[in-house]
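A.B. asks: Give me the fold of what follows.
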Amino acid sequence: MTEIAEQPSWLEVAPSWRKEALLLVPAVGITLIGIYLLSGSEPDYLSGLRPWLKQSLFGACGILLGLLISRLPMTFFITIAPACYVLNLALILSLKWIGTERGGAVSWIDIGPFRFQPSETMKIFTILILAQFLCPLKSSVGFRSFLEAALAAAVPAALILLQPDLGTAMVFVGILMACLHGSRVPRRYISLLLIPLWACVALPGEVLTWIIWGAGMALWLLMIAWKGESKTRLALFLVAHVLTVALVVQGVKPLWNHLLKPHQRDRLVGFIERTDSDTRDLSPAAYHLRQSLIAISSGGFLGQGLGQGLQSSHGFIPMMRTDFIFSVLAEELGFAGAMILFGLIILLFLESIHHASHADTWRESTVVFGVMGMWAAHTFVNLGMTMGLMPITGIPFPFLSYGGSSLITNYLGLGLILSAARRSRVKVEQAF
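C.D. replies: The predicted structure is shown next:
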(Lines give C-alpha, C1' and ligand atoms only; values in the text may rest on other atoms or scores of the structure.)
Protein backbone atom coordinates (compact mmCIF):
# COMPACT_ATOMS: atom_id res chain seq x y z
CA MET A 1 0.00 0.00 0.00
CA THR A 2 1.21 3.47 -0.72
CA GLU A 3 2.04 5.56 2.29
CA ILE A 4 -0.05 8.68 2.87
CA ALA A 5 1.19 11.67 4.77
CA GLU A 6 -0.17 11.97 8.30
CA GLN A 7 -3.29 14.15 8.46
CA PRO A 8 -4.51 16.31 11.34
CA SER A 9 -6.47 14.33 13.91
CA TRP A 10 -9.81 15.95 13.04
CA LEU A 11 -9.55 14.62 9.50
CA GLU A 12 -9.35 11.09 10.90
CA VAL A 13 -12.01 11.41 13.60
CA ALA A 14 -14.64 13.37 11.70
CA PRO A 15 -15.62 10.77 9.11
CA SER A 16 -15.36 7.74 11.41
CA TRP A 17 -19.06 7.64 12.24
CA ARG A 18 -19.90 7.84 8.55
CA LYS A 19 -17.50 5.02 7.76
CA GLU A 20 -19.21 2.88 10.37
CA ALA A 21 -22.72 3.86 9.28
CA LEU A 22 -22.19 3.00 5.62
CA LEU A 23 -21.09 -0.50 6.66
CA LEU A 24 -23.42 -1.05 9.61
CA VAL A 25 -26.64 0.17 7.97
CA PRO A 26 -26.80 -2.51 5.23
CA ALA A 27 -25.67 -5.28 7.60
CA VAL A 28 -28.17 -4.32 10.31
CA GLY A 29 -30.84 -3.80 7.65
CA ILE A 30 -30.41 -7.37 6.38
CA THR A 31 -30.51 -8.66 9.97
CA LEU A 32 -33.74 -6.76 10.66
CA ILE A 33 -35.32 -8.26 7.54
CA GLY A 34 -34.38 -11.72 8.82
CA ILE A 35 -35.84 -10.96 12.27
CA TYR A 36 -39.01 -9.67 10.62
CA LEU A 37 -39.39 -12.90 8.64
CA LEU A 38 -38.75 -14.99 11.76
CA SER A 39 -41.47 -13.08 13.65
CA GLY A 40 -44.04 -14.68 11.37
CA SER A 41 -42.85 -18.24 12.09
CA GLU A 42 -43.79 -20.58 14.91
CA PRO A 43 -42.01 -20.44 18.32
CA ASP A 44 -39.19 -22.76 19.24
CA TYR A 45 -40.97 -24.98 21.76
CA LEU A 46 -37.81 -26.73 22.85
CA SER A 47 -36.28 -23.58 24.35
CA GLY A 48 -39.40 -21.55 25.05
CA LEU A 49 -38.05 -18.55 23.10
CA ARG A 50 -39.37 -17.33 19.81
CA PRO A 51 -36.83 -17.45 16.94
CA TRP A 52 -37.05 -13.71 16.27
CA LEU A 53 -36.23 -12.94 19.91
CA LYS A 54 -33.23 -15.27 19.94
CA GLN A 55 -32.03 -13.80 16.64
CA SER A 56 -32.40 -10.29 18.08
CA LEU A 57 -30.20 -11.25 21.01
CA PHE A 58 -27.62 -12.79 18.67
CA GLY A 59 -27.69 -9.67 16.50
CA ALA A 60 -27.22 -7.33 19.47
CA CYS A 61 -24.25 -9.40 20.70
CA GLY A 62 -22.79 -9.46 17.20
CA ILE A 63 -23.06 -5.69 16.75
CA LEU A 64 -21.44 -5.03 20.14
CA LEU A 65 -18.59 -7.45 19.41
CA GLY A 66 -18.12 -5.95 15.95
CA LEU A 67 -17.89 -2.41 17.35
CA LEU A 68 -15.47 -3.61 20.03
CA ILE A 69 -13.23 -5.23 17.41
CA SER A 70 -13.32 -2.07 15.30
CA ARG A 71 -11.65 -0.17 18.18
CA LEU A 72 -8.64 -2.49 18.21
CA PRO A 73 -5.79 -2.43 15.66
CA MET A 74 -5.63 -5.15 13.02
CA THR A 75 -2.08 -6.03 14.10
CA PHE A 76 -3.45 -7.32 17.42
CA PHE A 77 -5.77 -9.82 15.74
CA ILE A 78 -3.15 -10.97 13.23
CA THR A 79 -0.68 -11.51 16.10
CA ILE A 80 -3.04 -13.77 18.05
CA ALA A 81 -4.38 -15.48 14.89
CA PRO A 82 -2.00 -18.52 14.94
CA ALA A 83 -2.93 -19.48 18.51
CA CYS A 84 -6.66 -18.99 17.86
CA TYR A 85 -6.37 -20.94 14.60
CA VAL A 86 -4.79 -23.95 16.33
CA LEU A 87 -7.29 -23.86 19.21
CA ASN A 88 -10.23 -23.67 16.83
CA LEU A 89 -8.84 -26.62 14.84
CA ALA A 90 -8.58 -28.62 18.06
CA LEU A 91 -12.19 -27.73 18.83
CA ILE A 92 -13.30 -28.97 15.40
CA LEU A 93 -11.40 -32.22 15.96
CA SER A 94 -13.08 -32.65 19.36
CA LEU A 95 -16.53 -32.60 17.73
CA LYS A 96 -16.14 -36.33 17.17
CA TRP A 97 -16.55 -36.82 20.92
CA ILE A 98 -18.47 -33.77 22.18
CA GLY A 99 -20.35 -32.70 19.05
CA THR A 100 -24.08 -32.87 18.37
CA GLU A 101 -25.46 -34.20 15.10
CA ARG A 102 -27.86 -32.00 13.20
CA GLY A 103 -28.91 -32.32 9.58
CA GLY A 104 -26.62 -35.30 9.08
CA ALA A 105 -23.47 -33.43 10.21
CA VAL A 106 -21.71 -33.40 13.58
CA SER A 107 -20.89 -29.69 13.57
CA TRP A 108 -22.37 -28.26 16.78
CA ILE A 109 -21.56 -28.11 20.48
CA ASP A 110 -24.46 -27.72 22.89
CA ILE A 111 -23.96 -24.90 25.40
CA GLY A 112 -27.08 -24.77 27.55
CA PRO A 113 -30.03 -23.67 25.38
CA PHE A 114 -27.69 -22.57 22.59
CA ARG A 115 -25.57 -24.33 19.99
CA PHE A 116 -22.11 -23.24 18.91
CA GLN A 117 -20.65 -24.14 15.50
CA PRO A 118 -16.82 -23.99 15.61
CA SER A 119 -16.54 -24.01 11.82
CA GLU A 120 -18.05 -20.51 11.74
CA THR A 121 -15.34 -18.86 13.87
CA MET A 122 -12.75 -20.95 11.99
CA LYS A 123 -13.46 -18.79 8.94
CA ILE A 124 -12.39 -15.61 10.74
CA PHE A 125 -9.17 -17.10 12.12
CA THR A 126 -8.35 -18.55 8.70
CA ILE A 127 -8.73 -15.11 7.11
CA LEU A 128 -6.38 -13.58 9.68
CA ILE A 129 -3.71 -16.27 9.32
CA LEU A 130 -3.94 -16.06 5.52
CA ALA A 131 -3.18 -12.34 5.79
CA GLN A 132 -0.10 -13.22 7.85
CA PHE A 133 1.14 -15.80 5.34
CA LEU A 134 0.37 -13.80 2.19
CA CYS A 135 1.75 -10.49 3.46
CA PRO A 136 5.00 -11.25 5.35
CA LEU A 137 6.72 -8.24 6.86
CA LYS A 138 10.37 -9.22 6.35
CA SER A 139 10.41 -11.60 3.39
CA SER A 140 9.33 -11.59 -0.22
CA VAL A 141 5.96 -12.83 -1.41
CA GLY A 142 6.03 -15.75 -3.81
CA PHE A 143 5.26 -19.39 -4.39
CA ARG A 144 6.07 -20.41 -0.81
CA SER A 145 3.56 -17.90 0.54
CA PHE A 146 0.97 -19.32 -1.83
CA LEU A 147 1.61 -22.89 -0.62
CA GLU A 148 1.42 -21.86 3.05
CA ALA A 149 -1.87 -20.06 2.45
CA ALA A 150 -3.36 -22.95 0.47
CA LEU A 151 -2.44 -25.40 3.25
CA ALA A 152 -3.84 -23.10 5.97
CA ALA A 153 -7.20 -23.01 4.16
CA ALA A 154 -7.20 -26.68 3.12
CA VAL A 155 -6.73 -28.16 6.62
CA PRO A 156 -9.91 -26.75 8.22
CA ALA A 157 -11.85 -27.29 4.97
CA ALA A 158 -10.89 -30.98 4.96
CA LEU A 159 -11.83 -31.45 8.62
CA ILE A 160 -15.19 -29.76 8.08
CA LEU A 161 -15.81 -31.84 4.96
CA LEU A 162 -15.41 -34.98 7.09
CA GLN A 163 -18.17 -33.88 9.51
CA PRO A 164 -19.62 -33.96 6.75
CA ASP A 165 -20.45 -30.32 5.91
CA LEU A 166 -19.78 -29.74 2.22
CA GLY A 167 -21.36 -26.28 2.11
CA THR A 168 -19.19 -24.77 4.85
CA ALA A 169 -16.06 -26.45 3.44
CA MET A 170 -16.72 -24.76 0.09
CA VAL A 171 -16.62 -21.34 1.77
CA PHE A 172 -12.91 -21.75 2.51
CA VAL A 173 -12.23 -21.89 -1.22
CA GLY A 174 -13.90 -18.50 -1.62
CA ILE A 175 -11.95 -17.12 1.33
CA LEU A 176 -8.64 -18.33 -0.09
CA MET A 177 -9.35 -16.94 -3.57
CA ALA A 178 -10.36 -13.55 -2.16
CA CYS A 179 -7.30 -13.33 0.10
CA LEU A 180 -5.00 -14.25 -2.78
CA HIS A 181 -6.61 -11.52 -4.88
CA GLY A 182 -6.13 -8.95 -2.11
CA SER A 183 -2.49 -9.84 -1.42
CA ARG A 184 0.73 -9.43 -3.40
CA VAL A 185 0.98 -13.05 -4.52
CA PRO A 186 1.51 -13.23 -8.31
CA ARG A 187 -1.82 -13.71 -10.05
CA ARG A 188 -0.61 -16.71 -12.07
CA TYR A 189 -0.38 -18.74 -8.87
CA ILE A 190 -4.10 -18.28 -8.25
CA SER A 191 -4.77 -20.34 -11.37
CA LEU A 192 -3.15 -23.32 -9.62
CA LEU A 193 -6.35 -23.66 -7.58
CA LEU A 194 -8.19 -24.46 -10.81
CA ILE A 195 -6.13 -27.61 -11.46
CA PRO A 196 -8.62 -29.95 -9.68
CA LEU A 197 -11.52 -28.31 -11.50
CA TRP A 198 -9.81 -28.73 -14.87
CA ALA A 199 -9.04 -32.36 -14.04
CA CYS A 200 -12.80 -33.01 -13.93
CA VAL A 201 -12.84 -32.54 -17.72
CA ALA A 202 -11.19 -35.97 -18.03
CA LEU A 203 -13.76 -37.74 -15.83
CA PRO A 204 -15.77 -39.30 -18.72
CA GLY A 205 -12.59 -41.21 -19.70
CA GLU A 206 -13.14 -40.72 -23.44
CA VAL A 207 -10.28 -40.03 -25.85
CA LEU A 208 -11.67 -36.60 -26.73
CA THR A 209 -11.93 -35.50 -23.10
CA TRP A 210 -8.34 -36.56 -22.46
CA ILE A 211 -7.22 -34.57 -25.50
CA ILE A 212 -9.09 -31.49 -24.27
CA TRP A 213 -7.56 -31.86 -20.81
CA GLY A 214 -4.03 -32.25 -22.20
CA ALA A 215 -4.43 -29.29 -24.57
CA GLY A 216 -5.66 -27.03 -21.78
CA MET A 217 -2.83 -28.06 -19.49
CA ALA A 218 -0.22 -27.47 -22.21
CA LEU A 219 -1.65 -24.06 -23.07
CA TRP A 220 -1.56 -22.97 -19.43
CA LEU A 221 2.06 -24.12 -19.01
CA LEU A 222 3.06 -22.25 -22.17
CA MET A 223 1.40 -19.07 -20.91
CA ILE A 224 3.19 -19.05 -17.56
CA ALA A 225 6.46 -20.03 -19.27
CA TRP A 226 6.04 -16.98 -21.50
CA LYS A 227 5.66 -14.87 -18.33
CA GLY A 228 9.07 -16.04 -17.15
CA GLU A 229 8.32 -18.96 -14.82
CA SER A 230 11.38 -21.14 -14.09
CA LYS A 231 11.78 -24.58 -15.65
CA THR A 232 11.83 -26.22 -12.21
CA ARG A 233 8.44 -24.84 -11.27
CA LEU A 234 7.05 -25.65 -14.72
CA ALA A 235 8.04 -29.26 -14.11
CA LEU A 236 6.42 -29.17 -10.67
CA PHE A 237 3.22 -27.73 -12.14
CA LEU A 238 3.18 -30.49 -14.77
CA VAL A 239 3.56 -33.12 -12.07
CA ALA A 240 0.77 -31.44 -10.09
CA HIS A 241 -1.53 -31.63 -13.12
CA VAL A 242 -0.79 -35.30 -13.74
CA LEU A 243 -1.16 -36.34 -10.10
CA THR A 244 -4.36 -34.33 -9.70
CA VAL A 245 -6.05 -35.79 -12.77
CA ALA A 246 -5.06 -39.30 -11.67
CA LEU A 247 -6.44 -38.65 -8.19
CA VAL A 248 -9.69 -37.21 -9.54
CA VAL A 249 -10.30 -39.95 -12.10
CA GLN A 250 -9.40 -42.83 -9.78
CA GLY A 251 -10.81 -41.34 -6.59
CA VAL A 252 -14.23 -40.18 -7.71
CA LYS A 253 -15.83 -43.63 -7.31
CA PRO A 254 -14.62 -44.33 -3.73
CA LEU A 255 -15.39 -40.70 -2.87
CA TRP A 256 -18.95 -41.16 -4.12
CA ASN A 257 -19.46 -44.52 -2.43
CA HIS A 258 -17.71 -44.04 0.90
CA LEU A 259 -17.11 -40.38 1.77
CA LEU A 260 -20.36 -38.78 0.64
CA LYS A 261 -23.39 -39.52 2.77
CA PRO A 262 -26.62 -40.78 1.17
CA HIS A 263 -28.35 -37.41 1.53
CA GLN A 264 -25.39 -35.66 -0.15
CA ARG A 265 -25.47 -38.09 -3.08
CA ASP A 266 -29.21 -37.54 -3.31
CA ARG A 267 -28.71 -33.78 -3.55
CA LEU A 268 -26.19 -34.08 -6.38
CA VAL A 269 -28.31 -36.57 -8.31
CA GLY A 270 -31.40 -34.42 -7.79
CA PHE A 271 -29.56 -31.39 -9.17
CA ILE A 272 -28.28 -33.20 -12.27
CA GLU A 273 -31.37 -35.26 -13.07
CA ARG A 274 -34.20 -32.74 -13.18
CA THR A 275 -37.63 -34.33 -13.48
CA ASP A 276 -41.23 -33.23 -13.87
CA SER A 277 -42.65 -36.36 -12.30
CA ASP A 278 -45.28 -36.46 -9.59
CA THR A 279 -44.27 -35.08 -6.20
CA ARG A 280 -44.57 -38.53 -4.63
CA ASP A 281 -41.88 -39.85 -6.99
CA LEU A 282 -39.33 -37.11 -6.23
CA SER A 283 -36.22 -37.65 -4.14
CA PRO A 284 -36.01 -35.56 -0.94
CA ALA A 285 -33.56 -33.08 -2.51
CA ALA A 286 -35.66 -32.68 -5.67
CA TYR A 287 -38.77 -32.25 -3.53
CA HIS A 288 -37.11 -29.52 -1.45
CA LEU A 289 -35.97 -27.68 -4.56
CA ARG A 290 -39.43 -27.84 -6.09
CA GLN A 291 -41.02 -26.37 -2.95
CA SER A 292 -38.40 -23.59 -2.93
CA LEU A 293 -39.08 -22.69 -6.57
CA ILE A 294 -42.84 -22.73 -5.98
CA ALA A 295 -42.42 -20.34 -3.06
CA ILE A 296 -40.19 -17.94 -5.02
CA SER A 297 -42.47 -17.89 -8.06
CA SER A 298 -45.66 -17.40 -6.03
CA GLY A 299 -44.47 -14.25 -4.25
CA GLY A 300 -45.34 -11.85 -7.08
CA PHE A 301 -44.23 -8.24 -6.82
CA LEU A 302 -45.22 -7.41 -3.21
CA GLY A 303 -45.49 -10.92 -1.77
CA GLN A 304 -48.26 -12.70 0.08
CA GLY A 305 -47.62 -11.02 3.42
CA LEU A 306 -45.82 -11.95 6.62
CA GLY A 307 -46.76 -15.47 7.69
CA GLN A 308 -49.27 -15.74 4.83
CA GLY A 309 -47.16 -17.67 2.31
CA LEU A 310 -48.70 -21.03 1.48
CA GLN A 311 -45.37 -22.89 1.28
CA SER A 312 -43.81 -21.29 4.36
CA SER A 313 -46.86 -21.20 6.65
CA HIS A 314 -47.60 -24.88 6.02
CA GLY A 315 -44.00 -25.98 6.46
CA PHE A 316 -43.42 -27.18 2.88
CA ILE A 317 -40.12 -25.26 2.58
CA PRO A 318 -37.26 -27.21 4.22
CA MET A 319 -35.03 -25.43 6.75
CA MET A 320 -37.05 -22.28 6.13
CA ARG A 321 -35.38 -20.34 8.94
CA THR A 322 -31.81 -21.07 7.87
CA ASP A 323 -30.77 -22.40 4.46
CA PHE A 324 -33.99 -21.55 2.58
CA ILE A 325 -34.89 -18.25 4.22
CA PHE A 326 -34.57 -16.47 0.87
CA SER A 327 -37.45 -18.61 -0.43
CA VAL A 328 -39.54 -17.39 2.50
CA LEU A 329 -38.56 -13.79 1.78
CA ALA A 330 -39.45 -14.08 -1.91
CA GLU A 331 -42.83 -15.64 -1.08
CA GLU A 332 -43.84 -13.28 1.72
CA LEU A 333 -42.19 -10.00 0.60
CA GLY A 334 -42.12 -10.65 -3.13
CA PHE A 335 -39.86 -9.20 -5.81
CA ALA A 336 -39.75 -5.84 -4.00
CA GLY A 337 -38.41 -7.42 -0.81
CA ALA A 338 -35.80 -9.39 -2.76
CA MET A 339 -34.63 -6.20 -4.49
CA ILE A 340 -34.26 -4.44 -1.13
CA LEU A 341 -32.18 -7.35 0.11
CA PHE A 342 -29.99 -7.30 -3.00
CA GLY A 343 -29.56 -3.54 -2.72
CA LEU A 344 -28.36 -3.83 0.87
CA ILE A 345 -25.91 -6.65 0.14
CA ILE A 346 -24.52 -4.77 -2.89
CA LEU A 347 -24.05 -1.63 -0.78
CA LEU A 348 -22.22 -3.70 1.84
CA PHE A 349 -19.87 -5.12 -0.80
CA LEU A 350 -19.23 -1.75 -2.45
CA GLU A 351 -18.31 -0.11 0.86
CA SER A 352 -16.07 -3.04 1.78
CA ILE A 353 -14.27 -2.83 -1.57
CA HIS A 354 -13.75 0.89 -0.99
CA HIS A 355 -12.12 0.28 2.39
CA ALA A 356 -10.03 -2.58 1.02
CA SER A 357 -8.59 -0.30 -1.66
CA HIS A 358 -7.82 2.45 0.88
CA ALA A 359 -6.42 0.28 3.67
CA ASP A 360 -3.09 1.33 5.14
CA THR A 361 -1.36 -2.03 4.75
CA TRP A 362 -1.54 -5.08 2.50
CA ARG A 363 -2.48 -7.19 5.51
CA GLU A 364 -5.53 -5.07 6.26
CA SER A 365 -6.54 -5.12 2.61
CA THR A 366 -6.18 -8.92 2.51
CA VAL A 367 -8.35 -9.31 5.62
CA VAL A 368 -11.09 -7.13 4.13
CA PHE A 369 -11.02 -9.12 0.89
CA GLY A 370 -11.13 -12.36 2.89
CA VAL A 371 -14.26 -11.28 4.74
CA MET A 372 -15.86 -10.30 1.44
CA GLY A 373 -14.91 -13.69 0.02
CA MET A 374 -16.66 -15.37 2.95
CA TRP A 375 -19.83 -13.31 2.40
CA ALA A 376 -19.73 -13.80 -1.38
CA ALA A 377 -19.40 -17.59 -1.09
CA HIS A 378 -22.34 -17.76 1.31
CA THR A 379 -24.47 -15.44 -0.82
CA PHE A 380 -23.91 -17.08 -4.20
CA VAL A 381 -24.15 -20.67 -2.94
CA ASN A 382 -27.27 -19.94 -0.90
CA LEU A 383 -29.06 -18.13 -3.73
CA GLY A 384 -27.88 -20.75 -6.22
CA MET A 385 -29.29 -23.69 -4.28
CA THR A 386 -32.63 -22.01 -3.54
CA MET A 387 -33.08 -21.19 -7.25
CA GLY A 388 -31.89 -24.54 -8.56
CA LEU A 389 -28.65 -23.17 -10.03
CA MET A 390 -26.44 -25.21 -7.66
CA PRO A 391 -26.81 -28.43 -5.68
CA ILE A 392 -28.38 -28.12 -2.24
CA THR A 393 -25.47 -27.98 0.21
CA GLY A 394 -26.94 -26.37 3.31
CA ILE A 395 -25.40 -22.95 3.81
CA PRO A 396 -26.92 -19.81 5.42
CA PHE A 397 -27.42 -16.39 3.85
CA PRO A 398 -25.14 -13.77 5.50
CA PHE A 399 -26.87 -11.68 8.21
CA LEU A 400 -30.30 -13.00 7.13
CA SER A 401 -30.51 -16.67 8.13
CA TYR A 402 -31.37 -17.76 11.63
CA GLY A 403 -28.42 -18.92 13.72
CA GLY A 404 -26.25 -17.34 16.39
CA SER A 405 -22.87 -18.73 15.31
CA SER A 406 -23.33 -17.57 11.73
CA LEU A 407 -24.71 -14.13 12.61
CA ILE A 408 -22.07 -13.32 15.21
CA THR A 409 -19.30 -14.53 12.87
CA ASN A 410 -20.55 -12.19 10.15
CA TYR A 411 -20.47 -9.26 12.56
CA LEU A 412 -16.97 -10.24 13.69
CA GLY A 413 -15.91 -10.01 10.05
CA LEU A 414 -17.66 -6.65 9.77
CA GLY A 415 -15.75 -5.49 12.85
CA LEU A 416 -12.45 -6.34 11.14
CA ILE A 417 -13.46 -4.25 8.12
CA LEU A 418 -14.42 -1.38 10.45
CA SER A 419 -11.02 -1.70 12.16
CA ALA A 420 -9.27 -1.25 8.81
CA ALA A 421 -11.62 1.61 7.87
CA ARG A 422 -11.09 3.55 11.10
CA ARG A 423 -7.33 3.49 10.68
CA SER A 424 -7.13 4.33 7.00
CA ARG A 425 -5.42 7.68 6.63
CA VAL A 426 -7.45 8.91 3.70
CA LYS A 427 -8.57 12.51 3.43
CA VAL A 428 -12.22 13.28 3.94
CA GLU A 429 -12.66 14.52 0.41
CA GLN A 430 -11.08 11.34 -0.98
CA ALA A 431 -13.25 9.00 1.03
CA PHE A 432 -16.49 10.91 0.70
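A.B. asks: residues of the helix or strand hosting A235 that come out buried?
C.D. replies: Using DSSP states H and E, A235 sits within helix 231-254. Under the neighbour-count criterion of 16 or more other CB atoms under 10 Å, helix 231-254 has F237, H241, T244, V245, V248, V249 buried. The C-beta positions use only the backbone N, C-alpha and C, and glycine is treated the same way.
A.B. asks: low pLDDT regions in the stretch 201-350 of the chain?
C.D. replies: Applying pLDDT under 70 to the stretch 201-350 of the chain flags residues 253-285.
A.B. asks: And the helices in it, which stretches?
C.D. replies: 207-226, 231-254, 262-272, 284-298, 310-313, 325-357 (DSSP state H, counting those that start in this stretch).
A.B. asks: Run through the neighbouring helices and strands of the lengthiest strand in the chain.
C.D. replies: Secondary structure of the chain per DSSP state E: the longest strand is strand 105-111. On a contact count with 3 or more CB pairs under 8 Å, 6 or more residues apart in numbering; DSSP states H and E, strand 105-111 meets helix 74-98, strand 100-102, strand 114-116, helix 118-134.
A.B. asks: so how far is the second one from its chain's centroid?
C.D. replies: Here strand 100-102 is found 21 Å from its chain centre; the criterion is CA atoms, centre = their mean, to the nearest Å.
A.B. asks: Next, the residues that contact that strand from outside, please.
C.D. replies: Residues outside strand 100-102 that contact it (CB atoms under 8 Å, 6 or more residues apart in numbering) are V106, W108, I109, D110, R115.
A.B. asks: still on that earlier bit, can you tell which of the helices of the stretch 201-350 of the chain is closest to Y85?
C.D. replies: Of all the helices of the stretch 201-350 of the chain, the one in closest proximity to Y85, counting by CB to CB, is helix 325-357 (21.9 Å).
A.B. asks: Next, the angle from that closest one to helix 284-298.
C.D. replies: With axes from the mean of the first three to the mean of the last three CA atoms, to 10 degrees applied, the angle from helix 325-357 to helix 284-298 works out at 80 degrees.
A.B. asks: Can you point out the buried residues in helix 325-357?
C.D. replies: Applying 16+ other CB under 10 Å to helix 325-357 flags 325-334, 337-338, 341, 344-345, 347-348, 351-352, 354-356 as buried.
A.B. asks: now do stretch 91-108
C.D. replies: L91, I92, L95, G99, A105, V106, S107, W108.
A.B. asks: closest to V207 among these?
C.D. replies: Nearest member of the buried residues of stretch 91-108 to V207, counting by CB to CB, is A105, at 39.8 Å.
A.B. asks: Report the two of the buried residues of stretch 91-108 separated the most.
C.D. replies: Most distant of the buried residues of stretch 91-108, by CB to CB, are L91 and A105, 15.3 Å apart.
A.B. asks: circling back: show me what the helix holding A235 is packed up against.
C.D. replies: helix 195-199, helix 207-226.
A.B. asks: most packed of those helices?
C.D. replies: For those, the largest average neighbour count (mean count of other CB atoms under 10 Å) is found in helix 195-199, namely a mean of 16.
A.B. asks: sorry, back to before: quick one, the helix holding A235 and helix 207-226 angle?
C.D. replies: Using the same axes, to 10 degrees: helix 231-254 against helix 207-226 is 150 degrees.
A.B. asks: what does helix 231-254 contact?
C.D. replies: So helix 231-254 is contacted by 143, 192, 195-196, 198-200, 202-203, 205, 213, 217, 221, 224-225, 229 (CB under 8 Å, 6+ apart).
A.B. asks: and the residue nearest to P136 when sequence neighbours are not counted, what pLDDT?
C.D. replies: Distances taken as CB to CB, 6 or more residues apart in numbering put S145 closest to P136, at 6.7 Å, once the chain neighbours are dropped. pLDDT, S145: 84.
A.B. asks: Against R233, how distant is the nearest residue to F335 once chain neighbours are set aside?
C.D. replies: Nearest non-adjacent residue to F335, counting by CB to CB, 6+ apart: F301, 4.9 Å away. Distance, F301 to R233, by CB to CB, to the nearest Å: 56 Å.
A.B. asks: so where is the stretch 51-200 of the chain shaky, pLDDT-wise?
C.D. replies: Scanning the stretch 51-200 of the chain for pLDDT under 70 picks out 103, 138-140.
A.B. asks: Quick one: neighbours of the closest residue to F116 other than its chain neighbours, just the number.
C.D. replies: Closest residue in space to F116, ignoring its immediate chain neighbours: I109 at 4.8 Å, by CB to CB, 6+ apart. I109 is flanked by 17 other residues according to other CB atoms under 10 Å.
A.B. asks: Contacts only, for I109.
C.D. replies: By CB under 8 Å, 6+ apart, the contact set of I109 is L91, L95, I98, G99, T100, R115, F116, Q117, P118.
A.B. asks: From those, pick the one nearest I124.
C.D. replies: Relative to I124, the closest of the contacts of I109 is P118; by CB to CB it sits at 11.3 Å.
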